[in-house]
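Trainee: Have a look at this fold, sequence not included:
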C-alpha cells in the first residue's frame with residue numbers, strides 16, 4: 001500500500017491492496033454514504049467508467065428507493081454539485097478521451113456543499129501526477145493491472161484520507 005501511496009500522493013499507511021476495483025468502488029461509496037447521513041445522491045458523469053456506474057447503481061438499489069445515482073455530462077459536473085449530493089464519484093482520467101477532471105477543484109466544491117469525494121484512479125495512477133492528499137480526496141480507488149503493470153488478476157487499492165480513519169467503517173468486513 002505504501003508503495004502505491006507514493007504514486008498517488010497519499011500519506012503512508014492509508015492505502016491498502018486487495019479485492020477487485022469494483023469491490024473497492026463499492027466499499028468507498030458505501031462507507032462515504034454512511035458518513036453523510038440524510039443525503040442520498042451519488043453524483044457522477046456520463047463518461048465515467050461503466051463498471052463504476054454499475055456498482056453505484058447496484059448499491060443504490062440495495063440501499064433503497066431514496067438512494068440514486070445522478071449522472072451529468074463531464075463538463076457539467078461542477079455546476080451539478082449542490083447540497084443534495086452525498087458523494088461525488090469520478091474517474092480522474094477518462095479512458096476514452098484522456099480528459100482529466102480537476103481533482104482538487106471538484107473535491108473542494110464537493111466539500112463546500114457538504115459532500116465527500118471518491119476518485120477512481122485506474123487511468124491516472126502510474127500515468128500522471130496524482131495528488132490525493134494535496135487535492136483533499138476523501139477516498140480513492142484504483143487497479144494495479146493497467147498503468148501499474150501487475151497484469152490480469154492484479155489487486156486493486158483503496159485510499160482513505162487520514163482525517164476519516166477513526167470514523168469510517170468498512171462496508172464489507174471479514175476475512
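Mentor: Sure thing, it's come through. As the structure is a computational prediction, the values presented were derived from the model and not from experiment.
Trainee: Residue 30 contacts residue 169, doesn't it?
Mentor: No: Residue 30 lies out of contact with residue 169 (Cβ atoms under 8 Å); the separation is 9.1 Å. Backbone N, C-alpha and C define where each C-beta goes, glycine included.
Trainee: The two: which is more packed in?
Mentor: residue 30 (19 against 9; other Cβ atoms under 10 Å).
Trainee: number of nearby residues for the residue lying closest to residue 49 once chain neighbours are set aside?
Mentor: In space, and not counting its chain neighbours, residue 49 is closest to residue 91: 5.0 Å by Cβ to Cβ, 6 or more residues apart in numbering. Residue 91: 27 surrounding residues under other Cβ under 10 Å.
Trainee: Model confidence at residue 175, what's the number?
Mentor: Model confidence at residue 175, given as pLDDT, is 69.
Trainee: and after the helix or strand containing residue 70, which helix or strand comes next?
Mentor: Assigned by DSSP states H and E, residue 70 belongs to strand 68-72. Next helix or strand after strand 68-72 toward the C-terminus (DSSP H and E): helix 77-80.
Trainee: other SSEs contacting that next one?
Mentor: Judged by 3 or more Cβ pairs under 8 Å, 6 or more residues apart in numbering; DSSP states H and E, helix 77-80 is in contact with strand 41-45, helix 103-112.
Trainee: so which of these gets nearest residue 86?
Mentor: Residue 86 sits nearest to strand 41-45 of all the helices and strands packed on helix 77-80, at 5.6 Å, using Cβ to Cβ.
Trainee: nearest to residue 87, of the helices and strands packed on helix 77-80?
Mentor: Checking the helices and strands packed on helix 77-80 against residue 87 by Cβ to Cβ gives strand 41-45 as the closest, at 4.9 Å.
Trainee: strand partners of the closest one, parallel vs antiparallel please.
Mentor: Strand 41-45 has the following sheet partners, assigned by DSSP bridges: strand 68-72 (parallel), strand 85-91 (parallel).
Trainee: Tell me which of the ones you listed sits most buried.
Mentor: Comparing the strands paired with strand 41-45 by mean neighbour count (mean count of other Cβ atoms under 10 Å), strand 85-91 ranks first with a mean of 26.
Trainee: ok and that strand relative to helix 103-112, angle-wise?
Mentor: Interaxial angle of strand 85-91 relative to helix 103-112 (axes from the mean of the first three to the mean of the last three Cα atoms, to 10 degrees): 170 degrees.
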